[in-house]
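In: how does the following fold in three dimensions:
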Amino acid sequence: MPLAEARQPFYAGVDLGGTNIKAALVDDLGRVVAFHTEKTHADRGPEDAAARMGEAVHVLARRAGLATAELAAVGVGSPGPLDLQAGTIVRAGNLVGWDNFPLRDRVAAHCGLPVTFANDANAAAFGEFWVGAGREYDSLVLLTLGTGVGGGIIIGDLNVEGAHSHGSECGHMIVDPAETARMCPCGHSGHLEAYCSAKSLVARAEEAIAAGATGALAAAVAAGEPLTPILVGREAEAGDGLATELVMETARWLGIGMVSLLHAIDPEAVMIGGAMTFGGEKAPVGRAFLERVRAEVRRRTFPTLAEKTVIGYASLGGDAGSIGAAGLARLAAGKR
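Out: Okay, the predicted model is just below:
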């Protein structure tokens, strides 16, 4: 929005991803004044990325017509696990060689402003809670379906980070305790991520095709098309049986995971975000996926929760993390 219409103070949010760094400058109402994105280039190492994240804050200020010193604070969202008190990335599976890196303090050194540090999914959850699909609610759970499964829990203005910086790791809830449960990339079995991530969807599709499944999806893969969630969603949209089964099975497992969250937290709303939403509300498969999740929740949870909990799609897309990181910096500054 135009700077003249924005409300001070201003906050910058930087969302670190395995592929891209996204940065947003927002006003006191969470409205975006400037935006910047660039490749992460993770292979260049964490210090190089920290320097460019700090520079991204300066770029935002210049684009908005401000001096960097006019910004109140900066928020950074990062994949984890993290040590939030120390400001370090403990282990980042998709950022090889970044373990135990003091990201918070290095970004602060490069941008010259105080930095609030958060898990990237928690930051996205706060973005949806503050100005996105959850802005009407006092409590919210966000589940992000992508390469993995991220989670964020917001209750009031509390971002649930936990005593050991591992709060809201919803993707690592156990949904299948069987000895034969699918393995999660974290090294443990039966986690929600092992059933609802993009990697899981592709793996299950590969297994079904290898076992002899036929149809349009199998034919597309045999013809050389890359097996991705986009391809699965496209073929499900066209009515392919295997693709539809894969999408609906993902929804079933997601619903099972949601039931545990509802019983533990009793949030007003649970939102689904990330790259793997099969078109969301705009697509028939996205709507069918959501209804299957809701049906599984209704089948397994208490009647009051089934009736009153709102389950829907997030609205900020890929901008949720950067906006939410800025919002958490605002929150840390004492704003409500």
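In: so where do the helices sit in the stretch 151-300 of the chain?
Out: 193-196, 198-210, 216-222, 229-237, 241-265, 284-300 (DSSP state H, counting those that start in this stretch).
In: so which of these gets nearest residue 156?
Out: Residue 156 sits nearest to helix 241-265 of all those, at 12.2 Å, using C-beta to C-beta. For glycine as for every other residue, the C-beta is placed from the backbone atoms N, C-alpha and C.
In: buried residues in the closest one?
Out: Residues of helix 241-265 classed as buried by neighbour count (16 or more other C-beta atoms under 10 Å): 242-262, 265.
In: that helix to helix 198-210, inter-axis angle?
Out: Helix 241-265 runs at 140 degrees relative to helix 198-210, counting by axes from the mean of the first three to the mean of the last three C-alpha atoms, to 10 degrees.
In: start at 698 instead
Out: I'll keep to 698 as the first residue from here, and by that count the last item is helix 938-962.
In: how far off centre is helix 938-962?
Out: 17 Å (C-alpha atoms, centre = their mean, to the nearest Å).
In: what mean pLDDT does it have?
Out: Averaging pLDDT along helix 938-962 gives 98.
In: what angle separates it from helix 926-934?
Out: 110 degrees.
In: which elements pack onto helix 938-962?
Out: On a contact count with 3 or more C-beta pairs under 8 Å, 6 or more residues apart in numbering; DSSP states H and E, helix 938-962 meets strand 836-842, strand 846-852, helix 890-893, helix 895-907, helix 913-919, helix 926-934, strand 966-970, helix 981-997.
In: average model confidence for the third one?
Out: The reference is to helix 890-893. 97.
In: ditto for the second one
Out: Predicted confidence along strand 846-852 averages 95 (mean pLDDT).
In: what's it packed up against?
Out: helix 817-828, strand 836-842, helix 938-962.
In: low-confidence stretches in this protein?
Out: 790 (pLDDT under 70).
In: please redo it, this time with the cut-off set to 80
Out: 789-791, 1032-1033 (pLDDT under 80).
In: what values do phi and psi take at the residue of it most remote from its centre?
Out: The outermost residue of the chain relative to its centre, with distances by C-alpha atoms, centre = their mean, is residue 909 at 34.1 Å. Phi and psi for residue 909, reported as degrees, to the nearest 10, are phi 110, psi 10.
In: bridging residues for residue 1010?
Out: Assessed by DSSP bridges, residue 1010 has beta-bridge partners residue 969.
In: if we can go back for a sec, could the helices of the stretch 848-997 of the chain go into CSV alongside distance to residue 1030?
Out: CSV is the format used below for the helices of the stretch 848-997 of the chain (distance: least, C-beta to C-beta, whole Å):
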stretch, distance to residue 1030
helix 890-893, 33
helix 895-907, 36
helix 913-919, 50
helix 926-934, 38
helix 938-962, 26
helix 981-997, 36
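In: quick one: closest of those to residue 750.
Out: helix 895-907 (25.3 Å).
In: which positions in the closest one come out as buried?
Out: Result for helix 895-907 [16+ other C-beta under 10 Å]: buried residues 895-899, 901-902, 905-906.
In: tell me what angle that helix forms with strand 846-852.
Out: 140 degrees.
In: so how far is the helix or strand containing residue 721 from its chain's centroid?
Out: Per DSSP states H and E: residue 721 is located in strand 717-723. Strand 717-723 sits 15 Å away from the centroid of its parent chain (C-alpha atoms, centre = their mean).
In: other SSEs contacting it?
Out: Going by 3+ C-beta pairs under 8 Å, 6+ apart, strand 717-723 lies up against strand 707-713, strand 729-736, helix 743-761, helix 1017-1029.
In: distance to residue 775 and mean neighbour count added to the ones you listed, as a markdown table?
Out: Shown next, in a markdown table, are the helices and strands packed on strand 717-723 (distance: least, C-beta to C-beta, whole Å; neighbours: other C-beta atoms under 10 Å):
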| stretch | distance to residue 775 | mean neighbour count |
| --- | --- | --- |
| strand 707-713 | 5 | 30 |
| strand 729-736 | 16 | 18 |
| helix 743-761 | 10 | 20 |
| helix 1017-1029 | 9 | 30 |
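In: thought residue 889 was touching residue 878, still the case?
Out: No - counting by C-beta atoms under 8 Å, residue 878 stays clear of residue 889, with 11.1 Å between them.
In: what about these two, which has more around it?
Out: residue 889 (29 against 16; other C-beta atoms under 10 Å).
In: contact partners of the host helix or strand of residue 813?
Out: With elements taken from DSSP H and E, the one containing residue 813 is strand 812-816. Here strand 812-816 makes contact (C-beta atoms under 8 Å, 6 or more residues apart in numbering) with 770-777, 779, 781, 784, 800-802, 804-805, 823, 847, 849, 856, 858, 862, 865, 1021-1022, 1025-1026, 1028-1029.
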